[in-house]
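Colleague: model the structure of this input:
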Amino acid sequence: MQTVAYRGRRGAHSAAAAAKLFPDAELVPAPTFRAVAESVAGASVAFGVLPIESSLAGPVAETHDLLHRAPLSIVAEAVLPVRHVLAAREPIPLERLRAIRSHPSAFDQCRRLLAGLPRAATIATATTADAAQQVAEANVFPEAAIASPEAVRLYGLTVLADDVGDGRASTRFVSVAPYTRLDHGGADVRTAFWFVTDHRPGALHHAIAPLARAGIDLVQLVSRPLPDSEWRYRFDAVLAGHALDPAVRAALAEVRAEARALRVQGVYEAAG
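Modeller: Numbers count the residues shown, from 1 in each chain. A predicted model of the protein is given here:
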């Protein structure tokens, strides 16, 4: 049986994503994103599952940076609708809450709720499932968790407010492996890559112009700081098409000629 690492514990959104991507695998919880990546790179598990983008909060910076540093490639993706609920150990008026626990991404997705609870401090947790567990075990002052309905059920909490996100939200998760798959052949193939340009006016424009000339859709472009170069950036990109398609291959060669560095870091089927 394949083993798949995900960050968190039962009830976390990453656990649901791992189950969707690998319904017949043994799912292995890990304490951090880095632990997931290191487990895959070290071959102690076959795959890892990490969140990479929220439709409300945007790119997940830690995942982007791990994929840049680790010898890993994206081999699949899944998009999960995310529903947050506010829950506590027992029914309590919202105005009595003095602390709310959750993952920082969940706080970003529930800003309207938090704005209406100015007396409640926010306490960051590793996952939303951890928040639910901590609230279930706490007995200090009135506090609640923003978590998934599954985590609320697992830890026996009472729902204070349902569907507390700022709007409809989904999270894109990726499966990572220590190799790049090239056997995808459908119409919705994506190629992920990163590149670094020279620090000069117009460098980014010149680097991605070959994609436009070839009629290739650049579906995502994320900038991330280069750790050893102050105010300089790496660009993580996803294009529509297969890395070995002649048009894509030629365009990427032109991008590489304009860039200081470029690496393909995944070929996979789009989840939508």
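
Colleague: Ala251: what's it in contact with?
Modeller: The contact partners of Ala251, by CB atoms under 8 Å, 6 or more residues apart in numbering, come to 210-211, 213-214, 216. In short, each C-beta sits where N, CA and C put it, glycine included.

Colleague: using the three-state scheme, assign it.
Modeller: helix (DSSP: H, G, I helix; E, B strand; the rest coil).

Colleague: pLDDT score for it?
Modeller: pLDDT for Ala251: 98.

Colleague: same thing with the one 5 residues further on?
Modeller: As predicted, Arg256 sits at a pLDDT of 96.

Colleague: next one: Ala57
Modeller: Note for Ala57: predicted pLDDT of 81.

Colleague: can you get me a residue count around it?
Modeller: Residues lying near Ala57 (other CB atoms under 10 Å) number 18.

Colleague: I figured it hits Gln109, correct?
Modeller: Yes. Assessed by CB atoms under 8 Å, Ala57 is found in contact with Gln109 at 5.8 Å.

Colleague: what is the nearest of the contacts of Ala251 to Leu67?
Modeller: Leu67 has its nearest neighbour among the contacts of Ala251 in Leu211, at 20.2 Å by CB to CB.

Colleague: beyond the helix or strand encompassing the closest one, next helix or strand please.
Modeller: Element membership for Leu211, per DSSP states H and E: helix 203-213. Where DSSP H and E defines the elements, the next helix or strand beyond helix 203-213 is strand 218-225.

Colleague: so what are the sheet partners of the next helix or strand along the chain from that next one and their directions?
Modeller: The helix or strand immediately downstream of strand 218-225 is strand 233-240, counting by DSSP H and E. Sheet pairing for strand 233-240, assigned by DSSP bridges, gives strand 189-196 (antiparallel), strand 218-225 (antiparallel).

Colleague: next one: the first one to chain centre, how far?
Modeller: What it means is strand 189-196. Computed by CA atoms, centre = their mean, to the nearest Å, the chain-centroid distance of strand 189-196 equals 16 Å.

Colleague: what lies in contact with it?
Modeller: Contact partners of strand 189-196, identified using CB under 8 Å, 6+ apart, comprise 67-68, 73-74, 77, 207, 219, 226, 232-243, 248, 252, 255-256, 259-270.

Colleague: tell me the mean pLDDT for it?
Modeller: Averaged across strand 189-196, pLDDT comes to 97.

Colleague: by how many degrees do it and helix 203-213 diverge?
Modeller: Relative orientation of strand 189-196 and helix 203-213, computed by axes from the mean of the first three to the mean of the last three CA atoms, to 10 degrees: 160 degrees.

Colleague: pull out the buried residues from strand 189-196.
Modeller: Residues of strand 189-196 classed as buried: 189-196 (neighbour count, 16 or more other CB atoms under 10 Å).

Colleague: just put the residues you listed in TSV and tack on distance to Ala138.
Modeller: Putting the buried residues of strand 189-196 into TSV (distance: CB to CB, whole Å) gives the following:
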residue	distance to Ala138
Val189	47
Arg190	42
Thr191	46
Ala192	40
Phe193	45
Trp194	41
Phe195	46
Val196	46
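
Colleague: nearest to Ala46, of those?
Modeller: The closest of the buried residues of strand 189-196, once distances to Ala46 are taken by CB to CB, is Ala192, at 19.6 Å.

Colleague: and that closest one, how far is that from Leu262?
Modeller: 12 Å (CB to CB, to the nearest Å).

Colleague: among the contacts of Ala251, name the buried ones.
Modeller: Buried among the contacts of Ala251 by 16+ other CB under 10 Å: 210-211, 214, 216.

Colleague: where do the helices of this structure begin and end?
Modeller: Ranges of helices in the chain, per DSSP state H, are 13-21, 33-41, 61-69, 104-109, 111-115, 128-137, 149-154, 203-213, 246-258.

Colleague: dump the ones you listed to JSON lines, plus distance to Arg181.
Modeller: Shown next, in JSON lines, are the helices of the chain (distance: least, CB to CB, whole Å):
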{"stretch": "helix 13-21", "distance to Arg181": "13"}
{"stretch": "helix 33-41", "distance to Arg181": "14"}
{"stretch": "helix 61-69", "distance to Arg181": "15"}
{"stretch": "helix 104-109", "distance to Arg181": "28"}
{"stretch": "helix 111-115", "distance to Arg181": "38"}
{"stretch": "helix 128-137", "distance to Arg181": "30"}
{"stretch": "helix 149-154", "distance to Arg181": "30"}
{"stretch": "helix 203-213", "distance to Arg181": "22"}
{"stretch": "helix 246-258", "distance to Arg181": "15"}
